[in-house]
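Engineer: Kindly return the folded structure for what I paste below:
(chains A and B)
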Amino acid sequence: MQELITRAKELLSLGMVSRVLGWRAGDLSYNPEPAFFEKEEELGKLVYDGFCGANLSKYMIEASALPGKTLVFLKPCDTYSFNQLIKEHRVDREKAYVIGVGCRGKLDIEKIKAQGIKGITSVSDTGLNGEDEIKIQTIYGEKTCTYNSALLSRCHVCKGKEHKIYDELMGESRETKDAERFDEVKTIEAMSSEERFAFFQKELSKCIRCNACRNVCPACSCRKCVFDSTKFDSAQKANVDSFEEKMFHIIRAFHVAGRCTDCGECSRVCPQGIPLHLFNRKFIKDIDEFYGEFQAGEDIETKGPLTSYTFEDVEPGIVKERG
Amino acid sequence: MQIKEKGEWKPKIVAFCCNWCSYAGADLAGSSRLSYPADVKIIRVPCSCRVNPMFILRAFERGADGVILCGCHPGDCHYSTGNFYARRRMTLLFSMLNYLGIENGRTRVEWVSAAEGAKFSQTMNEFVEKIYSLGENVRLGDLRCKN
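Structural biologist: Sure, this is the predicted structure:
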């Protein structure tokens, strides 16, 4: 963490960048938030620990409109989103100085709480060089749990610790993948139609339409969003019935189909704990099966699967045949 | 024409037909005196790729029991490539609806050219029969829109 601050200060004082985009401590020790730093003295507040799951690439859209370069810290999975935004002409590569930071997986405070550790006041030792065991201060005294047991579910299906785009690299990464990416989707696909309907009905009925999933998504970066339109009767209000719940989530996922890099931010920010990545991952799985393997954000040139076609594409009837 | 008896369920079916092929195909079916059920309501669109996934969901919201999209045969699109894009979109959308537990047969895509009046009539008859066998759509509708 200290080396990140030192390097950021150096680049600021050299005038190579006008501002730094990183994470700063939040009101609790386990919820750091994205922040811009414009002065060297402010950089003391920069943090980079196990809870810095936030993907900073979307903030580069606003930074691209500002004068001067912005230094941005990107984790390996964030670089996919960054590439995708460059491809869609939403961020300016010239305006960014990318430092690829190492990652040993990011933590989910809910996973720690689920282990029976309550009354958490602070969590320490979650940095890149931290131990495998993390120390948790609670109102009942100090508790410990393993780093691996508190990982965000998306880190168990990590796409790899290789940065796809960077100007320089800092910090060592550790591999966290220990599950197959499509296993969850396959489990649901194996259910009967009635079971699937009941499962999604149960999950989606939790939705409070806070729009957090849309706001955090790096692929949801349209200047005008269909869900903000006043001509459209689902704007800015809670879902009224089960149809609106389904419609919001189908349309949200469809709008990012073929562009979603599977960064998992939607599921991370959902205050109701809806597994939103299941929608995006279903589209990714289908695209892989029907149109060949495709990873959004792998590079900045390849055409997306929904903006290209071949004469021999499968017919929509295949869905029925597959059952 | 069948008269709706009290309590008897009649399906509502929305057919999106492209202006250049399928709508003309429907016309030909009519002028050839080929019949297709009156439950099918045709909506003319400039091209099959004009159909936004939202349209399909909206049709279900307003009480449709089945939605069918008809367009030119792949390669014959009036705008050269429209139906290729529509084909990919609909494949993904239908797969997602199936994943959410909506019955498979409620959505369909069929390519019908302007010369295929017989195919149009046959497709619609088959589709309506399928919807009759599936029954009323209760999984993807808006309660407020039910009468």
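Engineer: where along the stretch 201-323 of chain A do the helices fall?
Structural biologist: Here the stretch 201-323 of chain A has its helices, by DSSP state H, counting those that start in this stretch, at A:212-216, A:242-255, A:265-269, A:277-291, A:318-322.
Engineer: Now tell me what touches the third one from outside.
Structural biologist: Yep, that's helix A:265-269 we're talking about. A:53-55, A:108, A:152-154, A:212-213, A:216-218, A:274-277, A:280 (C-beta atoms under 8 Å, 6 or more residues apart in numbering or on different chains). C-beta coordinates here come from the backbone N, C-alpha and C atoms, glycine included.
Engineer: Make TSV out of the helices of the stretch 201-323 of chain A and add mean neighbour count and mean pLDDT.
Structural biologist: Shown next, in TSV, are the helices of the stretch 201-323 of chain A (neighbours: other C-beta atoms under 10 Å in any protein chain shown; pLDDT from 0 to 100):
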stretch	mean neighbour count	mean pLDDT
helix A:212-216	19	94
helix A:242-255	21	90
helix A:265-269	23	94
helix A:277-291	21	95
helix A:318-322	15	83
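Engineer: in stretch B:104-122, what counts as buried?
Structural biologist: Within stretch B:104-122, the residues scored as buried using 16 or more other C-beta atoms under 10 Å in any protein chain shown are B:104, B:106-114, B:116-117, B:119-122.
Engineer: actually stretch A:138-146, sorry about that
Structural biologist: Buried, per 16+ other C-beta under 10 Å, within stretch A:138-146: A:Lys143, A:Cys145.
Engineer: ok, back up a step: list just the one of the helices of the stretch 201-323 of chain A that sits closest to B:Ile42.
Structural biologist: helix A:318-322 (22.5 Å; C-beta to C-beta).
Engineer: returning to what we had before: distance to B:Met54 for the helices of the stretch 201-323 of chain A - can I get that in CSV?
Structural biologist: Below are the helices of the stretch 201-323 of chain A laid out as CSV (distance: least, C-beta to C-beta, whole Å):
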stretch, distance to B:Met54
helix A:212-216, 15
helix A:242-255, 6
helix A:265-269, 20
helix A:277-291, 16
helix A:318-322, 19
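Engineer: How about the contacts made by the residue of chain A found nearest chain B?
Structural biologist: Relative to chain B, the nearest point of chain A is A:Phe197 (2.7 Å; C-beta to the nearest C-beta). Residues in contact with A:Phe197 (C-beta under 8 Å, 6+ apart) are B:Leu100, B:Gly101, B:Ile102, B:Arg139.
Engineer: Confirm that the second one sits in a helix.
Structural biologist: Translated: B:Gly101. No. Residue state for B:Gly101 (DSSP: H, G, I helix; E, B strand; the rest coil) corresponds to coil; a helix is not indicated.
Engineer: nearest spatial neighbour of it, skipping sequence neighbours?
Structural biologist: Residue nearest to B:Gly101 in three dimensions, not counting chain neighbours: A:Phe197, with 2.7 Å by C-beta to C-beta, 6 or more residues apart in numbering or on different chains.
Engineer: Check the last one too.
Structural biologist: Ranked by C-beta to C-beta, 6+ apart and with sequence neighbours excluded, the top spatial neighbour of B:Arg139 is B:Ile102, at 5.3 Å.
Engineer: nearest to chain A, of the contacts of A:Phe197?
Structural biologist: Using C-beta to the nearest C-beta, those come closest to chain A at B:Gly101, 2.7 Å.
Engineer: Need the per-residue pLDDT for the closest one.
Structural biologist: The model reports B:Gly101 with a pLDDT of 92.
Engineer: Could you report the neighbour count for it?
Structural biologist: B:Gly101 has 21 neighbouring residues, counting by other C-beta atoms under 10 Å in any protein chain shown.
Engineer: Now do the contacts for it.
Structural biologist: Counted by C-beta under 8 Å, 6+ apart, B:Gly101 has contacts A:Ser193, A:Glu194, A:Glu195, A:Arg196, A:Phe197, A:Ala198, A:Phe199, A:Phe200, A:Gln201, B:Arg139.
Engineer: The helix or strand where A:Arg7 lies: which residues count as buried?
Structural biologist: Assigned by DSSP states H and E, A:Arg7 falls within helix A:2-14. Buried residues in helix A:2-14, counted by 16+ other C-beta under 10 Å: A:Leu4, A:Ile5, A:Arg7, A:Ala8, A:Lys9, A:Leu11, A:Leu12.
Engineer: and it, how far from the chain's centre?
Structural biologist: 26 Å (C-alpha atoms, centre = their mean, to the nearest Å).
Engineer: How about stretch B:76-94?
Structural biologist: That offset, for stretch B:76-94, works out to 15 Å (C-alpha atoms, centre = their mean).
Engineer: for the lowest-mean-pLDDT helix or strand in chain A, packing partners?
Structural biologist: Here the helix or strand of chain A ranked lowest by mean pLDDT, DSSP states H and E is helix A:318-322, holding a mean of 83. Under the contact criterion of 3 or more C-beta pairs under 8 Å, 6 or more residues apart in numbering or on different chains; DSSP states H and E, helix A:318-322 touches helix B:82-99.
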